[in-house]
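Student: make a model of this:
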Amino acid sequence: MNIFKTLLELSGRCMLSVAAIGFLSLLGSPAEARERVVNIAMEDQFRNRRETGVMQGDVVVLVYAERKGSEAGQALGRKLHVQFHPTAEQATAADWSRQPVVGIPGWPAAIRVPDVHVVPVACLPEVPKPLQPVARSRFRTDSPAVSVWLDFDDTMRRTFGMVPAAPNVVLLDTHGQMYSMLSGHFDDVKYKDLVSMIDFLRRQAHPDLRTASTTIPIVR
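Tutor: Got it, this is the predicted structure:
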């Protein structure tokens, strides 16, 4: 499932991204950003309309990158999916994205456990419209089972910003609100921080489990 490698062949390079300060200027203060409900919508390689709005109730992790960060973005997305869906490691390509999410310790048995949707987004703003069918065909070949969202309109960069030559991650909580944006090299420490944030957002999905002593993960 070399879904990001296709970026190297089709897009040349994504448009230059804005830095983190530019991202904050787009969304306002961190508090304002977290209160903003977003609905990112685009088509995948099968021309199916995809949007984050229908995933409310679950945590959404949008992973995107320009061409020089494509391989690292692919590796991060796979690692995150297996982190929260460990049976995917032994699943077939057709079943890879349909594996059950891990449980949450102490979660009430009668209440649905929030899932974690790791969404690969391919940035293709430089692919002209006449060649977009070719791009879709290539992605169908490279990823015949896993949906890849195709960003022909530069939506991710314009909405959230993008750090070049590195994976970019946007977290949406179970209400569809923007929680955090992280970019750069995800070493062990940064990866654990990201997993902790996702775990936190899943636990926060049930109001009865919120306590005054709950610690919000630090966004580095």
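Student: from the chain's centroid, how far away is stretch 74-90?
Tutor: Centre-to-centre, stretch 74-90 and its host chain are 13 Å apart (C-alpha atoms, centre = their mean, to the nearest Å).
Student: now do that stretch, average pLDDT.
Tutor: Averaged over stretch 74-90, pLDDT sits at 97.
Student: also stretch 175-186?
Tutor: 96.
Student: find the centremost residue of the protein, please.
Tutor: Centroid check for the chain by C-alpha atoms, centre = their mean gives Leu62 as the closest residue, at 1.4 Å.
Student: bridged to that residue, which residues?
Tutor: Beta-bridge partners for Leu62, by DSSP bridges, are Val119, Val170.
Student: low pLDDT regions in this structure?
Tutor: 1-35, 207, 209-220 (pLDDT under 70).
Student: for stretch 73-84, which positions count as buried?
Tutor: Neighbour-count burial for stretch 73-84 flags 73-74, 76-78, 80-84 (criterion: 16 or more other C-beta atoms under 10 Å). Where C-beta positions appear, they are placed from N, C-alpha and C, glycine not excepted.
Student: what comes into contact with it?
Tutor: 1-5, 61, 63-65, 88-89, 96-97, 101-102, 115-116, 118, 120, 167-169, 186, 191, 194-195, 198 (C-beta atoms under 8 Å, 6 or more residues apart in numbering).
Student: again, only using 6 Å
Tutor: Residues outside stretch 73-84 that contact it (C-beta atoms under 6 Å, 6 or more residues apart in numbering) are 4, 63, 65, 88-89, 101-102, 116, 118, 120, 167, 186.
Student: next, give me the two most distant ones among these.
Tutor: Ala65 and Val102 (25.7 Å; C-beta to C-beta).
Student: comparing the two, which residue is more hemmed in?
Tutor: Ala65 (31 against 16; other C-beta atoms under 10 Å).
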